[in-house]
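> sequence first, then the predicted structure:
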Amino acid sequence: MSLIVQKYGGSSVADAESIKRVAKRIVETRKAGNEVVVVVSAMGDTTDELMDLANEVVPQPDGRELDMLLTAGERIAMALLAMAIKSLGLDARSYTGSQAGMITDARHGSARIVDVTPDRVRAALDDGAVAIVAGFQGFNRGTGDITTLGRGGSDTTAVALAAALGADVCEIYTDVDGIFTADPRVVPAARKIDRISSEEMLELAAAGAKVLYIRAVEYARRHGVTLHVRSSFNNHEGTLVLNSLDGENTVEEPLIAGIAADLSEAKITVVGVPDIPGKAAQIFTIVAGANANIDMIVQNVSAASTGRTDISFTLPKADGAAVLAILEAEKANVGFDALEYDDQIGKLALVGAGMRTNAGVSAKLFTALFEAGINIEMISTSEIRISVVTRADTINEAVRVVHHAFGLDAETEAVVHGGTGR
């Protein structure tokens, strides 16, 4: 008997009919002789709607109360799914994150998992029932409060449970047939990837690919959990995310695994920084005080006449205001001239393990963008990734032309069953 953890996103349980369809799939999996644990997200856009409601009541909702509000979405979905499964003649038991043993730190809105004690989930499986767990949420032992895990929280919940229970596979169900070479909503000719390494998936997730979130991929890689990303709208094989592709292919790795785009970042430029040792360290120590995650950093060549330089970096738009405020407060201490803020940027990332052994990737990327008249503002690289920043209104066209330039287009268009990507 295999133990399978299945995670269903909001688009897969968007309404009553969708919940019934998912329930049938779960029952089929259980009747095939498998133990089944299900992690479920809130229905459709419920989380966004609850967030909007909170912001209508108060501009800056209290973190503790916001977590209490947002976790209601998953509780609704898990209870309805349990009802649907029971109506099909199979026992099902729903659990909140705290009941399922998801222990976190005390940080509201972006809590980290510190322990998983799924005793009640294991007991339900031993009784022959399907265990349904609310994703995205946990419990802090010190405060006794409910917490939420932030972006990709349900994916992370599923992977954490799979690791703690020793599951054979963690299936991530969404509204597309797997992981594609690009977002099929942007590139209709995107091609489905059958197998991808966790290393490449980490880079794609970090670059904005929404089908999997980086925390879940990182957790799966660390604990050796095999991920299977597939559609909840059909029974097609999806994409396996494996720690190693050794033995999976009889030919060399493809040059490019995929292309991701991200419109959630902004750029801050610190203008006129004294070009002396220690100033960059001072600036980014200040930025760290706002708990902002910095992505790309570029420092210009110092102007000989002034002895000053500009430092630009990208960060999530949500952190922009706080970082601007904290830097402005330290302007005199750092000695820079001004701050510039730009939230109309887009980031494109080209990812592929084959870059290690193939020359000319950068030249082909830059040529494709040049021929399309798309200007590059920033560049960063890793061993298997090249990222560029361009204007937000050109990012989709940039993805399409680069996808075509690297020969990634499929002969038929990809099918998107739902439309949200989750």
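Yes, it's here. This one's a predicted model, so the numbers in the text were calculated from it and none came from an experiment.
> list the buried ones in the top helix by length along the chain?
Assignment by DSSP state H gives helix 63-87 as the longest helix of the chain. For helix 63-87, the neighbour count (16 or more other C-beta atoms under 10 Å) marks 63, 66-71, 73-78, 80-82, 84-85 as buried. All C-beta spots, glycine's among them, are computed from the backbone N, C-alpha and C.
> and stretch 406-418, by the same measure?
Quick answer for stretch 406-418 (16+ other C-beta under 10 Å): 406, 408-409, 414, 416, 418.
> repeat for stretch 319-327
Neighbour-count burial for stretch 319-327, counted by 16+ other C-beta under 10 Å, picks out 319-320, 323-324, 327.
> with stretch 331-346 instead?
So for stretch 331-346, counting by 16+ other C-beta under 10 Å, buried means 336, 342, 345-346.
> rewinding a little: list the contacts of the helix or strand just after the longest helix of the chain.
As assigned by DSSP states H and E, the chain's next helix or strand after helix 63-87 is strand 92-95. Identification of contacts with strand 92-95 by C-beta atoms under 8 Å, 6 or more residues apart in numbering yields 75, 78-79, 81-82, 85-86, 120-121, 124, 129-134.
> in its sheet, what does strand 92-95 sit against?
Here strand 92-95 is paired, per DSSP bridges, with strand 130-134 (parallel).
> stretch 257-268: end-to-end distance?
From the first residue to the last, stretch 257-268 extends over 30 Å; the measure is C-alpha to C-alpha, to the nearest Å.
> what about the residue nearest to His417 when sequence neighbours are not counted, how many residues close to it?
Nearest non-adjacent residue to His417, counting by C-beta to C-beta, 6 or more residues apart in numbering: Phe233, 3.8 Å away. Number of residues near Phe233 (other C-beta atoms under 10 Å) recorded here: 21.
> same thing with Ala372?
15.
> contact partners for the closest residue to it other than its chain neighbours?
In space, and not counting its chain neighbours, Ala372 is closest to Val401: 4.5 Å by C-beta to C-beta, 6+ apart. For Val401, the contacting residues are 368-369, 371-372, 374, by C-beta under 8 Å, 6+ apart.
> keep only those of the residues you listed that are in helices.
The helices, defined by DSSP H, take in 368-369, 371 from the contacts of Val401.
> considering those, which possesses the most neighbours?
Highest neighbour count within the ones in helices among the contacts of Val401: Leu369, with 21 neighbours (other C-beta under 10 Å).
> can I assume it is in contact with Thr390?
Yes: here Leu369 lies in contact with Thr390, judged by C-beta atoms under 8 Å, at a distance of 7.4 Å.
> between the two, which contacts overlap?
Counting by C-beta under 8 Å, 6+ apart, the shared contacts of Leu369 and Thr390 are 375-376, 398.
> specify which member of these is nearest to Thr143.
Ala398 (45.1 Å; C-beta to C-beta).
> low-confidence ranges in this structure?
Applying pLDDT under 70 to the chain flags the ranges 245-254, 304, 418-422.
> again, 50 this time
Applying pLDDT under 50 to the chain flags residues 250-252, 420-422.
> quick one on the thing from earlier: wait, which of the ones in helices among the contacts of Val401 is closest to Ala206?
Relative to Ala206, the closest of the ones in helices among the contacts of Val401 is Leu369; by C-beta to C-beta it sits at 20.7 Å.
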